[in-house]
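In: here you go, sequence then predicted model.
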Amino acid sequence: MNQESELFLTSDEAPSAPTWRRRRHAPLLEIERATALAAAMQQLIDDLPEQVALVSEDFTIVAVNSAWTQAMKSFGYARMAPGDNYRKSCEKVAASGWEPSVKALAALDEIAAGKRIFWQLSFHGRDRWSDREYQLCYHRVVVGSQAFITVRRFDLTEIAELRRLRDDFSKSVIETQTIERRRMARELHDSTAQLLAAVGLLLGNLKRQSPRGDSVTLVEEIQELIGEAQTEIRSISYLAHPPALEKLGLVGALKSLVEGFGNRSGLEVSFGIEGEIAPVSVGTEGAIYRIGQEGLSNVYRHARAAHAHVTLCFRRSMVHLIIADDGVGISKETLAAEGRAGIGLVSMRMRLLELGGRLSVRRLSRGTAIIASVDLERSRAQLVGEAEALNGLKI
Ligand SMILES: Nc1ncnc2c1ncn2[C@@H]1O[C@H](COP(=O)(O)OP(=O)(O)O)[C@@H](O)[C@H]1O
Ligand SMILES: [Mg+2]
């Protein structure tokens, strides 16, 4: 059977055996499939948000997608359609001396000469597009014996904007949380705790007025419960925002923490500052202070050290809290488990993660060092946000 008759066989003429039918119809189906595949590919390329063009080795534009056609029209770039010479059009733009296009032209020649197979450049647009960010990529591809250059242009502005929004959003969530916690802590301390104190006083009066009977035991029990509630409220509000931070600021609070710890533990503990003190956000202050508390309590509980040194270090755009001791050293197993053994190190990591910071735990030649690091630039951005939020909340 010749090729033609095989191509135009209909299913009616086909014998019943399924394998036989499949073989006789295969070429027809393959062509259909290939056509469908080509159409799907074109659709796929047309649907891409980036602008794509395929350029032959002599710089003739062979194919483009819809995004390319639209973009070239809106940029006012003439002669960028299939059949046009891509290099000549680029040359015209480069003649104006615009740096990205000058660089692109040089790269295009290198790619065409086979000196490199890939090149890309990110740049800001000009004129009407000066607030937009683009990326241009050239890729040399060889199909059979023929070489082509794929040209891809992306508009990165939305992606960059989305990234910025995501960062701003996570920052604002942390800021709002911190401010809200602080507000609740004050509320609990100033309002609820005062109400409980008033109830306590009234109960005291009641006890004095009727000094006998069953009611006295009842009143005493209620007084005890109120005492417990007051202790709980104090510790909750303390956890939400340590009063030392509010009163003394980060440096003062850390200094007093270290002094108090030294007195209670009998260890020789010192505190120092390196670099120039810079403002940090409330969230970062809270995290650093808590890490200081947990780090020192770990030294006391696990290190068997004689000395400890706490340093608050401002270097370039970072703030670091370093707690170093000369004890037995953290075990290799705990280090390998990244401190998953207990709650302390894990919660330090979590606090820092929320702020985009990191915790590093190191074995020293003698002892352990815990280093908490937060990017100060981010903290500053938070400070501005906090000031605005404080204004908005009027607290
Ligand atoms: N300064 C230190 N010196 C020696 N070992 C330490 C030190 N800090 C932490 N560790 C070790 O790391 C473990 C995890 O610490 P942590 O997460 O704070 O949990 P916890 O203190 O509740 O045990 C501790 O159990 C201890 O073995
Ligand atoms: Mg601990």
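Out: It's in. Numbering: from 1, shown residues only. Ligands and ions are numbered 1, 2, ... in the order given.
In: how near is residue 124 to residue 160?
Out: According to Cβ to Cβ, to the nearest Å, residue 124 and residue 160 sit 11 Å apart. No exception for glycine: its C-beta is placed from N, CA and C like everyone else's.
In: between the two, which contacts overlap?
Out: Counting by Cβ atoms under 8 Å, 6 or more residues apart in numbering, the common neighbours of residue 124 and residue 160 are residue 133.
In: burial check on the residue in the chain that ligand 1 sits nearest to, number of neighbours?
Out: Among the residues of the chain, residue 342 lies closest to ligand 1, at 1.7 Å counting by Cβ to the nearest ligand atom. When neighbours are counted by other Cβ atoms under 10 Å, residue 342 registers 14.
In: mind listing what's buried along stretch 186-198?
Out: 186, 188, 189, 192, 193, 196 (16 or more other Cβ atoms under 10 Å).
In: just how off-centre is it within its chain?
Out: 38 Å (Cα atoms, centre = their mean, to the nearest Å).
In: list the contacts of the host helix or strand of residue 372.
Out: Element membership for residue 372 (DSSP states H and E) is strand 368-375. Residues outside strand 368-375 that contact it (Cβ under 8 Å, 6+ apart) are 280, 284, 287-288, 291, 295, 298-299, 303, 317-325, 327, 329-330, 345, 348, 352, 355-362.
In: can you check the pLDDT for residue 388?
Out: Looking at residue 388, its pLDDT stands at 46.
In: so for stretch 321-330, what gets flagged as buried?
Out: Neighbour-count burial for stretch 321-330, counted by 16+ other Cβ under 10 Å, picks out 321, 322, 323, 324, 325, 326, 327, 329, 330.
In: taking those together, which two end up most distant?
Out: Across these, the longest distance by Cβ to Cβ is 19.5 Å; it joins 321 and 329.
In: show me where this structure has its strands.
Out: 51-56, 61-64, 118-124, 133-143, 146-155, 268-274, 307-315, 318-325, 358-363, 368-375 (DSSP state E).
In: can you put the ones you listed in CSV and add mean pLDDT and distance to ligand 2?
Out: Formatted as CSV, the strands of the chain follow (pLDDT from 0 to 100; distance: least, Cβ to the ion, whole Å):
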stretch, mean pLDDT, distance to ligand 2
strand 51-56, 90, 56
strand 61-64, 90, 62
strand 118-124, 91, 45
strand 133-143, 89, 46
strand 146-155, 89, 48
strand 268-274, 96, 17
strand 307-315, 95, 14
strand 318-325, 96, 12
strand 358-363, 92, 12
strand 368-375, 95, 10
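In: tabulate those (TSV), appending distance to residue 89.
Out: Formatted as TSV, these follow (distance: least, Cβ to Cβ, whole Å):
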stretch	distance to residue 89
strand 51-56	11
strand 61-64	9
strand 118-124	17
strand 133-143	14
strand 146-155	11
strand 268-274	57
strand 307-315	50
strand 318-325	47
strand 358-363	48
strand 368-375	44
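In: distance of residue 307 relative to residue 366?
Out: Relative to residue 366, and taking Cβ to Cβ, residue 307 is found at 10 Å.
In: out of those two, which sits in the busier spot?
Out: Taking neighbours as other Cβ under 10 Å, residue 307 and residue 366 compare with residue 307 leading, 16 against 13.
In: quick check: that one touching residue 267?
Out: Yes: in this structure, residue 307 is within contact of residue 267 by Cβ atoms under 8 Å, at 6.9 Å.
In: can you map out the helices along the stretch 1-150 of the chain?
Out: 3-7, 18-47, 66-75, 86-94, 99-112 (DSSP state H, counting those that start in this stretch).
In: any buried residues in stretch 346-360, and which?
Out: Result for stretch 346-360 [16+ other Cβ under 10 Å]: buried residues 348, 349, 351, 352, 354, 355, 356, 357, 359.
In: my read is that the second one contacts residue 357, right?
Out: Read that as residue 349. No: at 9.4 Å, residue 349 does not count as touching residue 357 under the criterion of Cβ under 8 Å.
In: wait, what's in contact with the residue nearest to residue 200 when sequence neighbours are not counted?
Out: Across the structure, with Cβ to Cβ, 6 or more residues apart in numbering as the measure, the residue nearest residue 200 apart from its sequence neighbours is residue 226 (5.1 Å). Contact analysis of residue 226 by Cβ under 8 Å, 6+ apart lists 196, 199, 200, 203.
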